[in-house]
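Visitor: Next one to model:
(2 chains)
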Amino acid sequence: MNAGSPGYVLLEDGSRYEGLLCGPGTSGTGEIVFNTAMTGYQEAVTDPSYAGQVITFTYPMIGNYGVSEAAMESSAPHARGVIMREGRNGDDAATAEGGWLDWLEDRGVWAISGVNTRALVRQIRDRGAMRGGIFPAEMSQEEAAGQVESEPSMAGADFASQVTPPEPVEYPGDGPHVVVIDTGIKASIVGQLRERGCRVTLLPCSSGPEAVLERDPDLVFLANGPGDPAAVDAVVGTVRELVGKRPVVGICLGHQLLSRAVGLETFKLPFGHRGSNHPVKDLETGVIEITSQNHGFAVLGPEGDQRIEADEPVRWQTDFGEAVLSHINLYDRTVEGLRLPEASAMTVQHHPEAGPGPHDSRHLFDRFLELAG
Amino acid sequence: MPRRDDIKKILLIGSGPIVIGQAAEFDYSGVQACKVLLEEGYEVILVNSNPATIMTDPEFATRTYVEPLLPGPVAAIIEKERPDALLPTLGGQTALNLAMDLAADGTLEKFGVELIGADREAITRAEDREVFRQVMTEAEIRIPWSITVESVEEALTSLDGGGASLPAIIRPAFTMGGQGGGIAATRDELAGVVAKGIAASPIGQVLVEESVIGWGEFELEVMRDHNDNVVIICSIENLDPMGVHTGDSITVAPAQSLSDPVYQALRDTAMMVIRAVGVETGGSNVQFAVNPVDGEIAVIEMNPRVSRSSALASKATGFPIAKMAAKLAVGYALEEIPNDITRATPASFEPTIDYVVTKIPRFAFEKFPGADDRLSTYMQSVGEVMSIGRTFRESFAKAMASREIDSPAAIPDSTEELLEMLSVPDP
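Guide: Got it, this is the predicted structure:
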């Protein structure tokens, strides 16, 4: 384990934060984002939605309770690196199968510890998510800045095609057949569907509408995933062909793809929502749930507003009939969920499957499956 | 729904003299509540026998009574003041018990005083061990099992049938100080200790209980509003395992050693507990034991009121639990109350922090020469210090330094000696 050669984090605005390299001790660049959850570091790093990103954990003690196979949200890490105040190699949990720092090293995830993450996160909050990287102290800041500069921006980035499975993957089940357009689905989502008896088929996200319909889905599921929803027009085109033909549901990126498919627009949030404590209100029932979130983009509201002040299920017209604003984020009042009753579609921005995060919204999977008939 | 207009005058009971187990934290919660209720335009009638409290300063209530915290004097105050409601959940166990007495003797009904925050049924469900056990069992929430037996055969049958398991604690009925009881780790020991216990009990009956001694101890601070929205304010991990009273334990917030699935299981369970007990609005504290070997979770108890841990959790997270509890009790919903820290977002959220908080109790055994200073399941500390640090180490070291104890701890020569020392919980 590389415990402690000096290194630093450099952001594209030139701000620099010293630390000690751990994990594999190598370096690289990506979009620097922050996650405010106090548990679930391994789940986050293995979530395909973090592809192309370096995660700064706001909670300072990361690695106390070790790692385990059960915490994997996919077969490999997808975040490029992690930035921590204090990376630990503990194994406190009964389920721990190894230490976090050892795991980062084994899996080749760049990591830096001892960083003033509070200062770094404030910078991102004030100036927005930025490109940046983790570098060894020997590397000059000019060279590091050059590397950061050559990292493409997240706006317009298509990472979904990198994390989608090359071939269809099938999970047997006696229940409704859920066909997933897999832009990087988390294991917890597949787990929630299978727990409810679903037969689940994951299709490469390049699959066209015929390939999806050929599988005779009871429900089309649009997965979570990384990158800019505006950069995956092909998938949006596929979804547009499917809406109205089969019931369609989705989570996170899937929510954004459905929205774009029915003619709504998406935009990049200043620093994104990544954490386990976001209150989301179901505007149709009045219930508030604490949710797990991980997204850098969001859907614009009825009048093209980023922020929606109304506290009722606003309705407006889309290319596929009426849309109902079903959920709203109480932090910044952005769109959290939509229903298209005429097209038999519903999607949410947050993560009802948790993994990591609260379980308050897991019941939404039952609502999804009601559409499957 | 905004604040309730059907109540105008609210009685608040303080916690009386400072004693071990109930100290200044309830002045802190009471003051928060008084301020909120006055701000909201209610008349606040306060009764507390302790003059050395901030809440008894005249400006904190419409009228303040310094009277004994007993049913008689408080009933007289109710008769004179005719409050519409009694808020019993902010003055510690004293206020809760007194409110229950006033409900039981008919005073509240006679003068039409409504219990707000938690009603009589909810308080009973949380406070009466047997009722709590039933409620948890009905809600399918795991609690340490316990059975009453009158013969060794009965105990062994239960062990074989899966009702009981080992290790177990045996407590004879109606004996003083647990005389004749003990812990059984094997089948033979169970037979032996149960036989001894039955002999020691005047009615020939023993309680066989699951032993969770040595399990990890955790607490969650929970808030619920009348819309049934529930949030977790803070998780707290006890450095000392089950067997040392929380008030005597070094505690750390947030929990440090729980993986996300286990933390979420505690969170789900805490929400089930507050709903099953039926605390309608306000804060509660749910205590858990977590088996360090397999992560199994059991609920130990719940306080249907603002507790000692609430003060720590409030200071640790910036979420003022007592103030929010008072607002919820008079009809607000969490989403209608602004978050005290951000002022821009609602209070219906869960605080997330980027630091570590440590509480270390302060003992005064030096004042009682000859007293046994081993720590146990009843509280003996007289105070506590809290510290905030960016890492556990920093936080812990600051708390140690805050205790104002000059003498450094004796450092043992060997690891064996150190482990031996650590195996006996003492200050």
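Visitor: The most centrally placed residue in chain B pairs with what?
Guide: Centrality entry for chain B: nearest residue to the mean C-alpha point is residue B:303, 4.6 Å, by CA atoms, centre = their mean. For residue B:303, the beta-bridge assignment (DSSP bridges) gives partners residue B:285.
Visitor: how close does it sit to residue B:226?
Guide: Applying CB to CB, to the nearest Å, one obtains 20 Å for the distance of residue B:303 from residue B:226. Quick note: C-beta positions are derived from backbone N, CA and C, even for glycine.
Visitor: Next: residue B:153.
Guide: Computed as CB to CB, the residue B:153 to residue B:226 distance reads 51 Å.
Visitor: the more surrounded of these two?
Guide: Looking at residue B:153 and residue B:226 with other CB atoms under 10 Å in any protein chain shown, you find the greater number of neighbours at residue B:226, namely 15 against 11.
Visitor: How much space separates the closest residue to the more buried one other than its chain neighbours from residue A:128?
Guide: In space, not counting the residues next to it along the chain, residue B:226 is nearest to residue B:281; the distance is 5.4 Å by CB to CB, 6 or more residues apart in numbering or on different chains. As for residue B:281, its distance to residue A:128 is 39 Å (criterion: CB to CB).
Visitor: more neighbours, these two?
Guide: Higher neighbour count among residue B:281 and residue A:128: residue B:281, with 25 against 13, using other CB under 10 Å.
Visitor: what's the distance between that one and residue B:264?
Guide: Noted for residue B:281: a distance of 24 Å to residue B:264, by CB to CB.
Visitor: Next: residue B:136.
Guide: Counting by CB to CB, the gap from residue B:136 to residue B:264 is 19 Å.
Visitor: for residue A:158, same thing?
Guide: Taking CB to CB as the criterion, residue A:158 is separated from residue B:264 by 33 Å.
Visitor: what's the neighbour count on the residue of the stretch 101-250 of chain A at minimum distance from chain B?
Guide: Closest approach between the stretch 101-250 of chain A and chain B, counting by CB to the nearest CB: residue A:118, at 5.7 Å. The number of residues packed around residue A:118, counting by other CB under 10 Å, is 15.
Visitor: Quick check: which element contains residue A:123?
Guide: Element membership of residue A:123 [criterion: DSSP states H and E] is helix A:117-127.
Visitor: Same question for residue B:233.
Guide: For residue B:233, the enclosing helix or strand under DSSP H and E is strand B:230-238.
Visitor: Equivalent analysis for residue B:280, please.
Guide: Per DSSP H and E, residue B:280 falls between elements, in no helix or strand.
Visitor: The closest residue in space to it that isn't next to it in sequence and residue A:192, how far apart?
Guide: Of all residues not flanking residue B:280 in the chain, residue B:226 sits nearest, at 6.0 Å (CB to CB, 6+ apart). According to CB to CB, residue B:226 and residue A:192 sit 30 Å apart.
Visitor: what does residue B:267 give?
Guide: The value you get for residue B:267 to residue A:192, if CB to CB is used, is 17 Å.
Visitor: what ranges of the stretch 1-150 of chain A fall below the confidence cut-off?
Guide: Per-residue confidence for the stretch 1-150 of chain A (pLDDT under 70) gives these ranges: A:1-3.
Visitor: An error on my part: the question was meant for the stretch 1-150 of chain B.
Guide: Counting by pLDDT under 70, the stretch 1-150 of chain B contains low-confidence ranges at B:1.
Visitor: quick one: the helices in it?
Guide: With DSSP state H, counting those that start in this stretch as the definition, the stretch 1-150 of chain B shows helices at residue ranges B:25-39, B:71-81, B:92-104, B:107-110, B:120-127, B:129-138.
Visitor: Indicate which one of those is closest to chain A.
Guide: helix B:129-138 (19.5 Å).
Visitor: what's the angle from the closest one to helix B:120-127?
Guide: With axes from the mean of the first three to the mean of the last three CA atoms, to 10 degrees applied, the angle from helix B:129-138 to helix B:120-127 works out at 90 degrees.
Visitor: Flag every buried residue along helix B:129-138.
Guide: Using 16 or more other CB atoms under 10 Å in any protein chain shown as the burial criterion, the residues of helix B:129-138 that qualify are B:132, B:135-136.
Visitor: Over to stretch B:33-49?
Guide: Of the residues in stretch B:33-49, those with enough neighbours to count as buried (16+ other CB under 10 Å) are B:33-38, B:40, B:42-49.
Visitor: Same question for stretch A:360-368.
Guide: Counting neighbours by 16+ other CB under 10 Å, one finds that the buried residues in stretch A:360-368 are A:360-362, A:364-365, A:368.
Visitor: and what of stretch B:2-10?
Guide: Within stretch B:2-10, the residues that qualify as buried by neighbour count (16+ other CB under 10 Å) are B:4, B:7, B:9-10.
Visitor: What of stretch A:13-23?
Guide: A:17, A:19-23.
Visitor: Excluding sequence neighbours, find me the nearest residue to the residue of the stretch 101-250 of chain A closest to chain B.
Guide: With sequence-adjacent residues excluded and distances taken as CB to CB, 6+ apart, residue A:118 is closest to residue B:354, at 5.7 Å.
Visitor: Chain A contacts on chain B?
Guide: Proximity of chain B to chain A is confined to B:227-229, B:231-232, B:254, B:256-264, B:267-268, B:291-295, B:334-335, B:345-346, B:348-356, B:390-392 under the rule CB under 8 Å from any CB of the partner chain.
Visitor: what lines up beside the longest strand along chain A in the sheet?
Guide: Once chain A is assigned using DSSP state E, the strand that runs over the most residues is strand A:266-282. Strand pairing for strand A:266-282, determined by DSSP bridges: strand A:288-299 (antiparallel), strand A:321-329 (antiparallel).
Visitor: pretty sure residue A:149 belongs to a helix, no?
Guide: Yes. In this structure, residue A:149 lies within a helix as judged by DSSP: H, G, I helix; E, B strand; the rest coil.
Visitor: Next, residue B:306: phi, psi?
Guide: Backbone dihedrals for residue B:306, given as degrees, to the nearest 10, come out at phi -70, psi 130.
Visitor: now the lengthiest helix in chain B and helix B:120-127, what's the angle there?
Guide: Counting by DSSP state H, the longest helix found in chain B is helix B:260-277. Here helix B:260-277 runs at an angle of 140 degrees relative to helix B:120-127 (the same axes, to 10 degrees).
Visitor: burial measure for the closest residue in space to residue A:125 that isn't next to it in sequence, as a count.
Guide: Excluding the flanking residues, the one nearest residue A:125 by CB to CB, 6+ apart is residue A:271, at 5.5 Å. For residue A:271, the count of nearby residues is 18 (other CB under 10 Å).
Visitor: List the contacts of residue A:271.
Guide: With contacts defined as CB atoms under 8 Å, 6 or more residues apart in numbering or on different chains, the neighbours of residue A:271 are A:33-34, A:124-125, A:128-129.
Visitor: swap in residue B:204?
Guide: Listed by CB under 8 Å, 6+ apart, the contact set of residue B:204 reads B:150, B:198.
Visitor: how near is it to residue B:235?
Guide: Distance check for residue B:204 against residue B:235: by CB to CB, it reads 43 Å.
Visitor: What segments of the stretch 301-427 of chain B are strands?
Guide: Taking DSSP state E, counting those that start in this stretch, the strands of the stretch 301-427 of chain B run over residues B:356-362, B:383-389.
Visitor: buried sites along the last one?
Guide: Read it as strand B:383-389. Of all the residues in strand B:383-389, those buried under the rule 16+ other CB under 10 Å are B:384-389.
Visitor: Check the first one too.
Guide: By 16+ other CB under 10 Å, the buried positions in strand B:356-362 come out as B:356-361.
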